[in-house]
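S.K.: following is a predicted model, sequence given first.
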Amino acid sequence: MAKLDKWIPLILILLITFPLFGGESPTSRLLKVKLALDESYPPRDSSQKGIEEAILTASRHFEKEFDLKFTLAEVSSWQSDKGVKSFDELFIDMQRKVDRGGCHIVIGLTARRLLRGELLGGASYRSGSILIRWTSPRQDLGLLLTHELGHLFGAVHTKNRHSVMNINPDTSDFDRENAALIRLNRERRFLPHLFPISGQQLEEALHRYQRLPKMGDYKNLDADIFLIMTLMEFEGYSEVIDRCQRLLKKTPHSSSIRNLMAIALRRSGYIDRAIEEYETIIREDPLIPYVYYNLGIAYSKREDIDKAIIQYQKAIYLMPSHYQARTNLAHLYLEKRLLNEAEEQCRQALAIENDYAEGHSVLAATYLLKQQPEEAYSECQVALKLNDQLSSVYNTMAGYYIFKNQNQEAEKWCLKSLEIDPRYHKAYYNLGNIYYAMGKFPDAVKNYQEAIKLKSNYLQAHLNLGLTYYRMNQPEQAGEEFDYLLADHPDYEPAYGNLFSLYFEEKKFDEAERICRTAIDYGVNNLRFYQYLAMVLSELGKAQEAERYYQLALELDPQDSAIYLALGNLYFRYNLLENSAHNYLKALEFDDSLKDAHNNLAVVYFYQEKYELAWEHLQQAEQLGLTPHPDFVNKLKEKLKSK
Ligand SMILES: [Zn+2]
């Protein structure tokens, strides 16, 4: 009986999971279509019905042969640019202005005439969008749409007229070769950041595209482009460059071929040549968002951050839904420590495409720098679920554990990050920090050096390497790193701050003074370095000069309680009790919780024989967690008693 009891629920589950009657055929894949009508569509002698019927017709063809169905899920409109002169320009215009929303495929409709060339339709395989040009009520929109949808599933033109992939087809059927390509693409993805197919399908597609040129019917430009796009996925960059160069001799104005060539150049390390190619495209077609996006990547690779930022901003201006450009821009904002701007761009990118692992990765890194470790942690988890091969996410996880002072856990994550990308400089840098914190200085040195090998102007790594040498009692090597920073990058603020702390702590006041004066000369955070300089001068016994720098700092921020406190201490040292008390009170005016200010004020009042006031402030200091000197407490108590 017990056994039977266990069986019953299992059968129920099976019944629920596989309904026996009705429902969709379990194998057909349903794809949502968004229609985007420009201002010229529908024209007077037509209606929206025409295209809706065409979608049904195409869907029927695809269902019969490939078990693929298309359903109209959304209709929107867009205003086309009056200035566009060709079909291609209009197609780009549509892709810029219409986002996919929750749909897989966007089908744009136009009835505009007088466009250069006679194209009736176009399809973009990667972005999953189509543009159809309506010409007359007699036009067979169903046939045209079937042809363009074929392109979205990897089909190419053929000279065979008995195939819908012919330019003037006499049938709505696909030829055998194209039918096989569509089957390979049947499960294709519609996410612009991922190539539509991968794995086994991609390998077979490459094999087929490589064979096409040997078959006379398929000698044409779009077969070449499909081959190039696929080769790119296999990192066959030199062949891509070669093929693109040959094609550009025949069609020098093809922006898509030049763009593919530029990407291959960039990925092969020819950054400057890639930039030239992108600029050539921009001179001819200044409105293609993905060219600016790619140019942004090229400038980034060249460490030209400001130029890269401008390119990404242009891409976003042209195409607000370009979430990859937004994410890359966020990443650069992060490098420049513009944390709020970075967070904002990430949020916008993820609002457009929440399944973009890179977007979650950059947001996680932003949170970490904003000192919100828990948010960083959860974004990392989301990113890892979407893509477990992003070295940056593992490195951010390491950062999270560094933040939590769990260095051994952090070390593990760094090592994972380097396992995925052994050339990831930031992971070496973090490892360096971890070993520094563990006191394993030679290991820290090794990792900082590795980071610098991969990125020579990695300023934080140079700084920390210098600090590590210093801790290892190797002042000469330390000096080399510091000199490099101060001479070649005099506006790198962390160098001054860290060096000041180091020298001040070691009581090397002359060195500390030199650092402050250099920082001030370069205008690096004057408020802070006026204050630091005053601290050093006071240690060196140059009281008047110290006073002057404190006053300069207060001119920059008249509400900085720490400076009033320091100034109070300076006056106290020279027994100027009135001035001292005045500044302690000022400090407390802006920050009542400064326990040192309360304590020191109590001491001043004691010398001024204002014992009641002294007692009051001493009590407050104690309440704030300060333990006053027991001798002082006793003396004050005596005075209060004898009064
Ligand atoms: Zn075509």
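M.R.: Okay, I see it.
S.K.: can we go C-alpha only for contacts and neighbour counts from here?
M.R.: Will do.
S.K.: isn't residue 539 up against residue 509?
M.R.: Yes: using CA atoms under 8 Å, residue 539 is in contact with residue 509, at 7.5 Å.
S.K.: flag every buried residue along whichever strand or helix holds residue 258.
M.R.: Residue 258 belongs to helix 255-267 when assigned by DSSP states H and E. Neighbour-count burial for helix 255-267 flags 255, 257, 258, 259, 260, 261, 262, 263, 264, 265, 266, 267 (criterion: 16 or more other CA atoms under 10 Å).
S.K.: do stretch 42-50 as well
M.R.: Using 16+ other CA under 10 Å as the test for burial, stretch 42-50 gives 42, 43, 50.
S.K.: hmm, who's touching that stretch?
M.R.: The contact list for stretch 42-50 (CA atoms under 8 Å, 6 or more residues apart in numbering) reads 110, 111, 137, 141.
S.K.: cool, and stretch 255-272?
M.R.: For stretch 255-272, the external contacting residues (CA under 8 Å, 6+ apart) are 225, 228-229, 232, 237-238, 240-241, 244-245, 247-248, 273-275, 277-278, 281, 285, 291, 294, 298, 301-302.
S.K.: how does it look with 6 Å?
M.R.: The contact list for stretch 255-272, computed with CA atoms under 6 Å, 6 or more residues apart in numbering, reads 237, 241, 244, 274, 277, 281.
S.K.: between those, which sits nearest residue 333?
M.R.: Closest approach to residue 333 among the contacts of stretch 255-272 (CA to CA): residue 274, at 23.6 Å.
S.K.: so the closest one lies in a strand, does it not?
M.R.: No: counting by DSSP: H, G, I helix; E, B strand; the rest coil, residue 274 is not part of a strand but helix.
S.K.: give the contact list for it.
M.R.: 262, 265, 266.
S.K.: pLDDT for those residues - can I get that in CSV?
M.R.: Output for the contacts of residue 274, formatted as CSV (pLDDT from 0 to 100):
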residue, pLDDT
262, 97
265, 98
266, 97
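S.K.: ok, so of those, who is nearest residue 315?
M.R.: Nearest to residue 315 among the contacts of residue 274: residue 262, at 16.8 Å, using CA to CA.
S.K.: quick one: the closest one from residue 316, how far?
M.R.: Counting by CA to CA, to the nearest Å, the gap from residue 262 to residue 316 is 20 Å.
S.K.: just give me the closest of the contacts of stretch 42-50 to residue 323.
M.R.: residue 110 (26.1 Å).
S.K.: the closest one contacts residue 35, doesn't it?
M.R.: No: under the criterion of CA atoms under 6 Å, residue 110 makes no contact with residue 35, lying 11.0 Å away.
S.K.: more neighbours, residue 539 and residue 509?
M.R.: Each of residue 539 and residue 509 has its neighbours counted (other CA atoms under 10 Å); residue 509 has more, 19 against 15.
S.K.: need the helices for the stretch 451-600 of the chain, in chain order.
M.R.: 459-471, 475-488, 493-505, 509-521, 526-539, 543-556, 561-573, 577-590, 595-607 (DSSP state H, counting those that start in this stretch).
S.K.: what do you get for the stretch 51-200 of the chain?
M.R.: Counting by DSSP H, counting those that start in this stretch, the helices of the stretch 51-200 of the chain are 87-97, 141-152, 176-184, 199-211.
S.K.: and the helix or strand that the longest one is followed by, what's buried?
M.R.: Right, the one you point to is helix 199-211. From helix 199-211 onward toward the C-terminus, using DSSP H and E, the following helix or strand is helix 221-233. Residues of helix 221-233 classed as buried: 222, 223, 224, 225, 226, 227, 228, 229, 230, 231, 232 (neighbour count, 16+ other CA under 10 Å).
S.K.: can you get me a residue count around residue 606?
M.R.: Per other CA under 10 Å, the neighbour tally for residue 606 reads 19.
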